[in-house]
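>>> structure for the following, please:
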Amino acid sequence: MSSLATQLLLHVLHVTFLAYAVLVITHFLLQTYFAHRSHRAFVRDTDDTPPGFLPSVDVVVAAYDEDSECLAACFESVVDQDYEGTLNVYVVDDFSPNRDELARIYEQYGSLHGWCVLLPEWNRGKRHAQDVAFQECHGDILVTIDSDTIVARDGVRKIVDAFADPRVGAATGDIGVTNWRRNLLTRLIGMRYWVAFNQERAAQGWFRTVLCCSGPLAAYRRSVLDRIWHDYIRQTFRGVSCTYGDDRHLTNLVLAAGSDTLFVPGANAITNAPESLRGYLKQQLRWNKSFYRELLWTLPFLAQRSGYMAFDVVVQTLLPLLLTLAIASSLAFAILFDPSHVLHYAAAIAIMALARCSYAIYRTRRLSFVLFVLYGFLHAALLIPLRIRALTTLTDNRWGTRTAV
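Predicted structure coming up:
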């Protein structure tokens, strides 16, 4: 290859990586600043809920092919809630292949006061399972939890407190990982969850624009849902009905309706994380697909929110593309000219990853977050094929983590 071509490739590599580094650092500094302001505000305003604010609450659990022990633990955590207002629970089994195995658990908890177990004779996906419950319940606040989630005893109470502000249409809790001690992967995912909620969603929450009220623990104002539920259930993309990405789309509809969405750090819950690389890839594929698809619904209302939120979404969209180009250019240069170039850029990525986990170390006082650097390399190594597959399978409606329709 000519020296001109070499210089051109090296220039592309440097410019791409520089753009990536500038965006990463700028985004991290802004995100950390707003996340910490959000954290300080929560600590300061913890007891601001008006006394006697006890709206009626419906908890909806959609289950499919769930492990019996996980399901029982989920139900028991709901039974144990300390919420003093009216609380009803609606469980919908989406025609699980192991329904007979779960029948004993359904009978046990279905007999409790305020509990209703619904067993449709079809499998149509999570949204339609939620719709079965939605048609039966009429509380002021609807709380959705996943069937493998364990909610802290005060979780429902604290997330419902957010709705004392009439501008709030939805809220999400602080989600951790149940099985984080299982292996290195689950430990890294547990750290990723901390960053996703206490940094990313906390920063978005400062602007009252959390972009995804996560399925493991989210709450919605019923009066807002009544206006958007039809669009939620009947969402299509390229002529195909949508099933995955339900939490992100419902959040988008709430925001588009003019309501605010919050992150409630005191509303804690834990959920299972994938224990194998294959399971992790399936989860990430589903999340990436929903992110790209939901841009069509996110972008129109961003202009009405804040400059940071627009920047946040743009960065989330551009960074993977820049990283892909930087990795491809670096590998090409290493193969053609200088193998040591890969080490230089790997070191730069490690430094940026270390900087990214610094806020978590500061907040938690856990030096183990240094391991989060490994997650950065895992993410970079799997990003290219995963993003490409996500973009080419947007109309694939399988749940992603299970084998349902």
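>>> right, and residue 56 touches residue 137 too?
No - using C-beta atoms under 8 Å as the test, residue 56 is too far from residue 137 to be in contact (9.3 Å). Just so you know, the C-beta spots here come from the backbone N, C-alpha and C atoms, and that holds for glycine as well.
>>> just give the nearest non-adjacent residue to residue 325, would you?
Setting aside the residues directly before and after it, residue 325 is nearest to residue 16 in space (C-beta to C-beta, 6 or more residues apart in numbering), at 4.9 Å.
>>> quick check on residue 50: phi, psi?
phi -60, psi 140 (degrees, to the nearest 10).
>>> so which residues of the stretch 251-400 of the chain form helices?
277-302, 307-336, 340-356, 358-364, 372-392 (DSSP state H, counting those that start in this stretch).
>>> got those as CSV, with mean neighbour count and mean pLDDT columns?
Compiled in CSV, these are given as follows (neighbours: other C-beta atoms under 10 Å; pLDDT from 0 to 100):
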stretch, mean neighbour count, mean pLDDT
helix 277-302, 17, 92
helix 307-336, 17, 84
helix 340-356, 15, 81
helix 358-364, 16, 96
helix 372-392, 16, 83
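>>> adding distance to residue 141 as columns, could you present those helices in JSON lines?
Below are those laid out as JSON lines (distance: least, C-beta to C-beta, whole Å):
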{"stretch": "helix 277-302", "distance to residue 141": "23"}
{"stretch": "helix 307-336", "distance to residue 141": "25"}
{"stretch": "helix 340-356", "distance to residue 141": "35"}
{"stretch": "helix 358-364", "distance to residue 141": "29"}
{"stretch": "helix 372-392", "distance to residue 141": "33"}
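>>> skip the chain neighbours and tell me the closest residue to residue 154.
Nearest residue to residue 154 in three dimensions, chain neighbours excluded: residue 82, at 5.5 Å (C-beta to C-beta, 6+ apart).
>>> hmm, that neighbour is touching residue 152, no?
No - counting by C-beta under 8 Å, residue 82 sits too far from residue 152 to count as a contact (9.6 Å).
>>> between the two, who's got more neighbours?
residue 152 (21 against 11; other C-beta atoms under 10 Å).
>>> any idea how far that one lies from residue 363?
Noted for residue 152: a distance of 19 Å to residue 363, by C-beta to C-beta, to the nearest Å.
>>> wait, a helix at residue 113?
No - Residue 113 is assigned coil when assessed by DSSP: H, G, I helix; E, B strand; the rest coil, not a helix.
>>> Provide the backbone phi and psi angles at it.
Torsion angles, degrees, to the nearest 10, at residue 113: phi -60, psi 130.
>>> and what of residue 44?
Main-chain torsions, residue 44, degrees, to the nearest 10: phi -70, psi -40.
>>> pull the number of nearby residues for it.
The number of residues packed near residue 44 is 9, by other C-beta under 10 Å.
>>> gap between residue 369 and residue 129?
Using C-beta to C-beta, we find residue 369 at a distance of 36 Å from residue 129.
>>> most centrally placed residue in this structure?
The centroid of the chain falls nearest to residue 214 when counting by C-alpha atoms, centre = their mean (4.7 Å).
>>> for the spatially closest residue to that one that is not a sequence neighbour, give me its contacts.
Closest residue in space to residue 214, ignoring its immediate chain neighbours: residue 172 at 5.1 Å, by C-beta to C-beta, 6+ apart. For residue 172, the contacting residues are 159, 197, 201, 210, 212-214, 217-219, 261-264, by C-beta atoms under 8 Å, 6 or more residues apart in numbering.
>>> show me what the biggest strand by length in the chain is packed against.
Identified as the longest strand of the chain according to DSSP state E is strand 260-271. Packing partners of strand 260-271 (3 or more C-beta pairs under 8 Å, 6 or more residues apart in numbering; DSSP states H and E): helix 3-44, strand 150-151, helix 155-161, strand 168-177, helix 202-206, helix 246-256.
>>> who wins for proximity to residue 77 among those?
Of all those, strand 150-151 sits nearest to residue 77, with 4.5 Å by C-beta to C-beta.
>>> pLDDT of that closest one, averaged?
Computed over strand 150-151, the mean pLDDT rounds to 99.
>>> helices or strands up against that strand?
Contact here means 3+ C-beta pairs under 8 Å, 6+ apart; on that basis strand 150-151 packs against helix 68-79, strand 260-271.
>>> so what touches the first one?
Judged by C-beta under 8 Å, 6+ apart, the contacts made with helix 68-79 from elsewhere in the structure are 59, 61, 63, 66, 89, 91, 98, 101-102, 105, 109, 112, 145-153, 155-156, 272.
>>> relative to the whole chain's centre, how far out is the lowest-mean-pLDDT helix or strand in the chain?
Within the chain, confidence by mean pLDDT, DSSP states H and E is lowest for helix 340-356 among all helices and strands, at a mean of 81. How far helix 340-356 lies from its chain's middle: 27 Å, per C-alpha atoms, centre = their mean, to the nearest Å.
>>> can you check stretch 4-13 too?
The mean C-alpha position of stretch 4-13 is separated from the chain mean by 39 Å, C-alpha atoms, centre = their mean.
>>> hang on, the earlier thing: neighbouring contacts of the least confident helix or strand of the chain?
The list of residues contacting helix 340-356 from outside it, by C-beta under 8 Å, 6+ apart, reads 13, 17, 21, 24-25, 28, 195, 326, 330-331, 333-334, 370, 372-373, 375-377, 380.
>>> could you dump it to PDB, C-alpha only?
The C-alpha trace of helix 340-356 is given here as PDB (Å, rounded to 0.1, in the frame of the first residue of the first chain):
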ATOM      1  CA  SER A 340       1.100  -2.600  18.200                       C
ATOM      2  CA  HIS A 341      -1.500   0.000  17.200                       C
ATOM      3  CA  VAL A 342      -4.200  -2.300  18.600                       C
ATOM      4  CA  LEU A 343      -2.600  -2.100  22.000                       C
ATOM      5  CA  HIS A 344      -2.500   1.700  21.900                       C
ATOM      6  CA  TYR A 345      -6.200   2.000  21.200                       C
ATOM      7  CA  ALA A 346      -7.100  -0.800  23.600                       C
ATOM      8  CA  ALA A 347      -5.200   1.100  26.300                       C
ATOM      9  CA  ALA A 348      -7.200   4.300  25.400                       C
ATOM     10  CA  ILE A 349     -10.500   2.400  25.600                       C
ATOM     11  CA  ALA A 350      -9.500   1.000  29.000                       C
ATOM     12  CA  ILE A 351      -8.700   4.500  30.300                       C
ATOM     13  CA  MET A 352     -12.100   5.800  29.200                       C
ATOM     14  CA  ALA A 353     -13.800   2.800  30.700                       C
ATOM     15  CA  LEU A 354     -12.000   3.300  34.000                       C
ATOM     16  CA  ALA A 355     -13.100   7.000  33.900                       C
ATOM     17  CA  ARG A 356     -16.700   5.900  33.200                       C
END
